[in-house]
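1. I'd like to go over a predicted model; first the sequence, then the structure.
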Amino acid sequence: AVASESMTGAINKGDAIIYEKYNKKEDLEKGQVIVFKHNDTRIVHRVVKSLKVSEGEIYKTKGDANKEEDKWIVKKEDIIGKVNMRVLWIAWPTVLLNEIFY
């Protein structure tokens, strides 16, 4: 269930996403929408840059509706999956319940 508006246009608040588990050996391409953990929160954003570092590859991400790139980097071990599809509006009940009770 997508609970924010950071990806509005490609994925809207209240949509559900279907993603495939990420294979840590795989490099991601610019433009790929991924699910990753940041501060114990699952985030769905787009890869805007990949950077080679001595430890491997790291990624810069951005929500399509955000003005700026995310201030953090995403490491491969933080990535949960790659988004394959969205299902329109189906997650609104979950989003509303979370807004009421959390």
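-> It's in. Numbers count the residues shown, from 1 in each chain.

2. nearest the middle, which residue of the chain would you pick?
-> residue 44 (1.7 Å; Cα atoms, centre = their mean).

3. residue 25 versus that one, what's the distance?
-> Separation of residue 44 from residue 25 (Cβ to Cβ, to the nearest Å): 22 Å. In this view, the C-beta of every residue, glycine as well, is placed from N, C-alpha and C.

4. so residue 97 sits in a helix?
-> Yes: counting by DSSP: H, G, I helix; E, B strand; the rest coil, residue 97 is found in a helix.

5. tell me how far it lies from residue 13.
-> For residue 97, the distance to residue 13 (Cβ to Cβ) stands at 14 Å.

6. the more surrounded of the two?
-> The residue with more neighbours, out of residue 97 and residue 13, is residue 13; 17 against 11, by other Cβ atoms under 10 Å.

7. so what's that one up against?
-> The contact partners of residue 13, taken as Cβ atoms under 8 Å, 6 or more residues apart in numbering, are 2, 3, 4, 5, 95.

8. and the longest strand for the chain?
-> Longest among the strand segments of the chain by residue count, using DSSP state E, is strand 41-53.

9. gap between that one and the chain center?
-> 8 Å (Cα atoms, centre = their mean, to the nearest Å).

10. give me the helices and strands touching it, please.
-> Applying 3 or more Cβ pairs under 8 Å, 6 or more residues apart in numbering; DSSP states H and E, one finds that strand 41-53 makes contact with strand 33-38, strand 56-62.

11. dump the ones you listed to JSON lines, plus mean pLDDT.
-> Formatted as JSON lines, the helices and strands packed on strand 41-53 follow (pLDDT from 0 to 100):
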{"stretch": "strand 33-38", "mean pLDDT": "98"}
{"stretch": "strand 56-62", "mean pLDDT": "95"}
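
12. what's the closest of those to residue 75?
-> strand 56-62 (5.6 Å; Cβ to Cβ).

13. compute the inter-axis angle for that closest one and strand 33-38.
-> Counting by axes from the mean of the first three to the mean of the last three Cα atoms, to 10 degrees, strand 56-62 points 100 degrees away from the direction of strand 33-38.

14. which other helices and strands does the following helix or strand past strand 56-62 contact?
-> Scanning forward in sequence from strand 56-62 by DSSP states H and E, the next helix or strand is strand 74-75. Strand 74-75 sits against strand 33-38, strand 56-62, with contacts defined as 3+ Cβ pairs under 8 Å, 6+ apart.
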